[in-house]
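Asker: fold the following, please.
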Amino acid sequence: MSDAMKVIYICFPEGKHKVLTMSYDDGKLADRRLVSIFNHYGIKGTFHLNSGMHGPERIPSEEWKALYEGHEMSCHTVTHPTIARSPVEQVAVQVLEDRRYIERIAGYPVRGLSYPNGSYNREIIELLPKLGIEYSRIVGNTDDFSMPENYLAWEATCHHNHNLIENGKRFLELKKTQYMYMMYVWGHSYEFDRDNNWELMEEFCEMMSGQEDIWYATNIQIVDYMKAAKNLRFTLDGDLVYNPNAMDIWIRVDGEIKVIPGGQTVRL
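Answerer: Residues are numbered from 1 along each chain as shown. Okay, here's the model as predicted:
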């Protein structure tokens, strides 16, 4: 070959190599304060909601659309059962009816889930794509910033009560642009009331906000972008790339950031 082989990397939007996402369950009243914190600092979150769980401690569903505007509404089943113990037909109904309810409020297809009580098994993982679910969060902490191998068993970096500030500081220090890094934080907003530690989330969001190398995204935005990035079609010489997606995708070619507009072929 006469030409040197190109080094081509997929990037997050605007050529960034880090993404931060937040994931909170149950739709309790404390979501109001949490969303206000996220909005103030430009942080994006995914909120997993139970359509069949109502009461004075939960956000009324008529408030969901306005409250979670700019974030993502996602499934958490209708009544929060431990689904690995449930008949598979009931699991399907729990997910589909939750989807239907949330979609009618949200005004968009709802395609995510977090497992209630952290309960899941292989049969459920295999079922979810047939129900239109493209990702689901499990319980646990990796203390790691790698991208998930399986979005239907998506393990977070940490719960907010588990090394949050320490992990955040480590994440900010990551400068090796040959890697893609993700920090994923999960929890329940009512835990801040219970533990009297709202200042923890305030400190974290202030520390993480406005970073030029971080993309702030919801769970489904990450899934959609990474799926779209895999659809890029390159020539063997690496001199042309076709983007069949509607969305733009960013890549780095021999250190230079390039945007590949949706529907276009670009010479590299």
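Asker: going by C-alpha atoms from here, please, whenever you check contacts or count neighbours.
Answerer: OK.
Asker: immediately after whichever strand or helix holds Ala66, which helix or strand?
Answerer: Using DSSP states H and E, Ala66 sits in helix 61-67. Later in the chain than helix 61-67, the nearest helix or strand by DSSP H and E is strand 72-75.
Asker: run through who's touching that next one.
Answerer: Identification of contacts with strand 72-75 by CA atoms under 8 Å, 6 or more residues apart in numbering yields 45-50, 95, 98-99, 102, 106, 110-114, 218-220.
Asker: same question for stretch 84-91.
Answerer: By CA under 8 Å, 6+ apart, the surrounding residues in contact with stretch 84-91 are Ile83, Ser119, Tyr120, Asn121, Ile124.
Asker: narrow the residues you listed to just the buried residues.
Answerer: By neighbour count, with 16 or more other CA atoms under 10 Å, the contacts of stretch 84-91 hold Ile83, Ser119, Tyr120, Ile124 as buried.
Asker: make CSV out of the residues you listed and add pLDDT.
Answerer: As requested, the buried ones among the contacts of stretch 84-91 are arranged in CSV below (pLDDT from 0 to 100):
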residue, pLDDT
Ile83, 96
Ser119, 95
Tyr120, 96
Ile124, 98
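Asker: and the two most separated of these?
Answerer: Spanning the widest gap among the buried ones among the contacts of stretch 84-91 are Ser119 and Ile124, at 9.5 Å by CA to CA.
Asker: about what we covered before: nearest to Ile37, of the contacts of stretch 84-91?
Answerer: Comparing the contacts of stretch 84-91 against Ile37 with CA to CA places Ser119 closest, at 29.3 Å.
Asker: residue contacts, that closest one?
Answerer: Thr82, Ile83, Ala84, Ile138.
Asker: using CSV, lay out those together with distance to Leu268 and secondary structure.
Answerer: Shown next, in CSV, are these (distance: CA to CA, whole Å; DSSP: H, G, I helix; E, B strand; the rest coil):
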residue, distance to Leu268, secondary structure
Thr82, 50, coil
Ile83, 49, helix
Ala84, 49, helix
Ile138, 39, coil
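Asker: who's in contact with the helix holding Ala66?
Answerer: Taking CA under 8 Å, 6+ apart as the rule, helix 61-67 contacts Arg32, Val35, Ser51, Ile105, Ala106.
Asker: pick out the most distant pair among those.
Answerer: For those, the farthest-apart pair by CA to CA is Val35 and Ser51; their separation is 19.1 Å.
Asker: which parts of the protein are helices?
Answerer: All helices of the chain, identified by DSSP state H, fall at 31-41, 61-67, 88-106, 122-127, 164-172, 190-195, 198-208, 219-230.
Asker: tabulate these (CSV), appending distance to Met183.
Answerer: Listed next are the helices of the chain as CSV, based on distance: least, CA to CA, whole Å:
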stretch, distance to Met183
helix 31-41, 15
helix 61-67, 24
helix 88-106, 26
helix 122-127, 23
helix 164-172, 7
helix 190-195, 20
helix 198-208, 11
helix 219-230, 11
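Asker: list the buried residues for stretch 183-199?
Answerer: Met183, Tyr184, Val185, Trp186, Gly187, His188, Ser189, Tyr190, Phe192, Trp198.
Asker: can you list the weak-confidence ranges in this protein?
Answerer: For the chain, the stretches with pLDDT under 70 are 1-3.
Asker: alpha carbons of stretch 85-97, as PDB, please.
Answerer: Only the C-alpha atoms of stretch 85-97 are listed here, as PDB (Å, rounded to 0.1, in the frame of the first residue of the first chain):
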ATOM      1  CA  ARG A  85     -39.900 -14.600  40.000                       C
ATOM      2  CA  SER A  86     -42.900 -13.700  37.800                       C
ATOM      3  CA  PRO A  87     -44.400 -15.700  34.900                       C
ATOM      4  CA  VAL A  88     -42.900 -14.400  31.700                       C
ATOM      5  CA  GLU A  89     -46.300 -13.400  30.400                       C
ATOM      6  CA  GLN A  90     -46.700 -11.100  33.400                       C
ATOM      7  CA  VAL A  91     -43.300  -9.600  32.800                       C
ATOM      8  CA  ALA A  92     -44.400  -8.800  29.200                       C
ATOM      9  CA  VAL A  93     -47.600  -7.100  30.400                       C
ATOM     10  CA  GLN A  94     -45.700  -5.200  33.200                       C
ATOM     11  CA  VAL A  95     -43.300  -3.700  30.700                       C
ATOM     12  CA  LEU A  96     -45.700  -3.100  27.800                       C
ATOM     13  CA  GLU A  97     -48.500  -1.500  29.800                       C
END
